[in-house]
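requesting a structural model of the entry that follows:
(chains A and B)
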Amino acid sequence: MIRIANSQLWVHDQDEALAFYTEKLGMEVRSDVTLPEMGGFRWLTVGPAGQPDFSIVLMAIPGAPVMDADTGQEVRDLMSKGFAGTVFLTTDDVHASYEELKARGVEFTEEPEERPYGIDSGFRDPSGNSFRLTQVNEAVVPG
Amino acid sequence: MAHVPPPRHLLRAKDLADARYFEPLDVDDLARAAGLSRAHFSREFRGAFGESPHSYLLTRRMERAAALLRTTDRSVADICFSVGLQSVGSFTTSFTRTFGSSPTVYRATFPPAEHQARVPACVVRFYGRPQHRTFREDSARAPD
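Numbers count the residues shown, from 1 in each chain, chains lettered A, B, ... in the order given. Here you go, the predicted structure:
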């Protein structure tokens, strides 16, 4: 059986991302290891407390020789334009989650609104990565 | 006997302990979340959940600290602060009482965090690659 274990997001600054994902979104640190033999590469993963088998890898944009400077800049540009991908979160009560995250300083780009599939809202992480926070209608939950 | 769910205000305090353990929360904050005086809150919480709010919050912190000792290479002091505790001395005491060994000894009984980190092969391949060095024979050929 194939399952999703981790999914990776580029971030501008791992410490800034870590603070956002844990203190603001309330996720847990799953792994935080720096490997000197790999040029100080830091494997940093976080995930929701109630979902222990899935983590997001918060990956720093590497420099040369892993990634050349032009490519690094392209990745940064895509992120700042919001085109570097989206994480889709669900919640049982989007209004409560919205108020909670907003009170902690999360900047929402869209307030909760009724959609055919549920109540949907959106925000960004400090790197510009896009997030949806959705209370999905029972009827359309897959499975 | 029929199960009676705990009152919502107590659950709110319990959820707060689980969600915000990394902040400098204490029993007074939990009592405030439940809208009760501290003494009354502690009694009701223990009645509903079978342990004191202080113990519930502390064991949540200990559970997270143990996970961070196993899965990160952060220092014990860092881990103490990142589970919402201020004093490394009392953290070590609580940890030792809970797990039967100090944070450092506990960590040493597990494989190093980098072995568990499961850094994928694609990352190792990229980041483990040495810088290319140019040798003299290359520069001799360079004019071609």
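
all helices of chain A, in order?
All helices of chain A, identified by DSSP state H, fall at A:14-19, A:69-80, A:94-103.

partners of the residue most central in space within chain A in the sheet?
With distances taken as Cα atoms, centre = their mean, residue A:87 lies nearest the centre of chain A, 5.6 Å away. For residue A:87, the beta-bridge partners are residue A:131 (DSSP bridges).

and it, how far from chain B?
From residue A:87 across to chain B, the span is 19 Å (Cβ to the nearest Cβ, to the nearest Å). All C-beta atoms are positioned from the backbone trio N, CA, C, and that covers glycine.

need the contact list for that residue.
By Cβ atoms under 8 Å, 6 or more residues apart in numbering or on different chains, the contact list for residue A:87 reads A:7, A:9, A:56, A:129, A:130, A:131, A:132.

and the fourth one, what does it touch?
Spelled out, that is residue A:129. A:9, A:10, A:11, A:79, A:82, A:84, A:85, A:86, A:87.

quick check: pLDDT value at it.
At residue A:129, the model reports a pLDDT of 92.

for it, phi and psi?
As for residue A:129, its main-chain torsions (degrees, to the nearest 10) stand at phi -60, psi 140.

for the record, mean pLDDT for stretch A:30-44?
91.

try stretch B:60-69
The model assigns stretch B:60-69 a mean pLDDT of 96.

buried stuff in that stretch?
Residues B:60, B:61, B:62, B:64, B:65, B:66, B:67, B:68, B:69 are the ones in stretch B:60-69 that count as buried (16 or more other Cβ atoms under 10 Å in any protein chain shown).

so which of those residues reach chain A?
Among those, proximity to chain A is found for B:64, B:67, B:68 (Cβ under 8 Å from any Cβ of the partner chain).

neighbours around residue A:62, how many?
18 (other Cβ atoms under 10 Å in any protein chain shown).

can I assume it is in contact with residue B:126?
Yes - using Cβ atoms under 8 Å, residue A:62 is in contact with residue B:126, at 7.4 Å.

chain B contacts on chain A?
A:22-23, A:26, A:28-35, A:37-39, A:41, A:43, A:49, A:62, A:65-66.

for stretch A:71-86, what is the distance to the chain centroid?
14 Å (Cα atoms, centre = their mean, to the nearest Å).
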